[in-house]
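*Asks:* no sequence for this one, just the structure:
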């Protein structure tokens, strides 16, 4: 459920009420409410020069709920919500709301009757909180009676097939309850690919845009093998890629270039992989076959300063602490965890 988040309404708790701690009241439209807040604070003897973080629970409740003559933050949002038919008002309100677990179902989004049903000791909410890899192991170890097996045969068949396809495209680390909007582009493409593998269609054209982004080399090879399976089943698979494994797994290569952007736009090569390896006019082919290489630097730079990330939590990261050297290239290799890379953490 969505509710107004105190950390968004007061993004900097070190600021005082007088200094504009309540962020929506720092805009011209909220200045009247800011003046009412200061008047209410004087009536209740509240020191408006103290940081918001130093206010007691009672004082914060006054700011949020108000009193008889002051509507507080809650009353402010209730009044603004009456104008939700205006687009800019909806955008404004969305800036201060975040998702929070429902107090009735604790975020399970199911009725008590549905949560009361358990298989292998797990409710459906607990099962979907597992990773795909863990869920597959639970199903593999599931002990059922003959009658239960006959009832669940088709369901288990479909579940096992879906989980197997997701594992084959290298997504075993994702939880089943993971929201699709939090996935990377490569992860979303691989989920779609897993669905297509399960549908067993033929005569279909698939176009994949760099599906190997963020993948470990092991999983890239698996993904290339799956694309070949689709092709062998009677489909056409077009993959826009820069990865060597995909190029070497292709039947036909089309290279666009010779440069990027404005320096490209021409077909440099168009033909079978065997002919591509022999092409001398293709820079990509020369590097792919080892005729040209990039020399490894003899001397490596060492970082004099470091960025310290402490107890990082984001998607697949669980309380990770790491030191990143500054002023040097610092890759973070991992077995296919693109949505957990430090990039998002260092921008917070």
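*Replies:* Cool, got the structure. The model shown is predicted, which means the values in this text are computed figures rather than measured ones.

*Asks:* looking at this, residue 319 is in a strand?
*Replies:* Yes. Counting by DSSP: H, G, I helix; E, B strand; the rest coil, residue 319 is found in a strand.

*Asks:* next, count neighbours for it.
*Replies:* Applying other CB atoms under 10 Å, we find 8 residues neighbouring residue 319. No exception for glycine: its C-beta is placed from N, CA and C like everyone else's.

*Asks:* check the gap between it and residue 129 for me.
*Replies:* 18 Å (CB to CB, to the nearest Å).

*Asks:* any idea which helix is longest in this protein?
*Replies:* helix 146-168 (DSSP state H).

*Asks:* now do that helix: distance to the chain's middle.
*Replies:* Relative to the chain's own centre, helix 146-168 is displaced by 27 Å; criterion: CA atoms, centre = their mean, to the nearest Å.

*Asks:* for this structure, just list every one of the strands.
*Replies:* For the chain, applying DSSP state E gives strands covering 2-4, 97-99, 205-209, 236-240, 252-257, 266-272, 306-314, 317-325.

*Asks:* quick check: residue 193 touching residue 226?
*Replies:* Yes. Between residue 193 and residue 226 there is a contact under CB atoms under 8 Å: 6.6 Å.

*Asks:* picking up where we left off before, tabulate the strands of the chain in a markdown table, adding columns for mean pLDDT and distance to residue 111.
*Replies:* Listed next are the strands of the chain as a markdown table, based on pLDDT from 0 to 100; distance: least, CB to CB, whole Å:
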| stretch | mean pLDDT | distance to residue 111 |
| --- | --- | --- |
| strand 2-4 | 84 | 20 |
| strand 97-99 | 86 | 20 |
| strand 205-209 | 90 | 39 |
| strand 236-240 | 93 | 43 |
| strand 252-257 | 93 | 53 |
| strand 266-272 | 94 | 58 |
| strand 306-314 | 81 | 30 |
| strand 317-325 | 81 | 31 |
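
*Asks:* any chance of those strands in a markdown table with distance to residue 112 as columns?
*Replies:* Shown next, in a markdown table, are the strands of the chain (distance: least, CB to CB, whole Å):
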| stretch | distance to residue 112 |
| --- | --- |
| strand 2-4 | 22 |
| strand 97-99 | 21 |
| strand 205-209 | 43 |
| strand 236-240 | 46 |
| strand 252-257 | 57 |
| strand 266-272 | 61 |
| strand 306-314 | 30 |
| strand 317-325 | 30 |
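
*Asks:* which one of these lies closest to residue 278?
*Replies:* strand 266-272 (9.8 Å; CB to CB).
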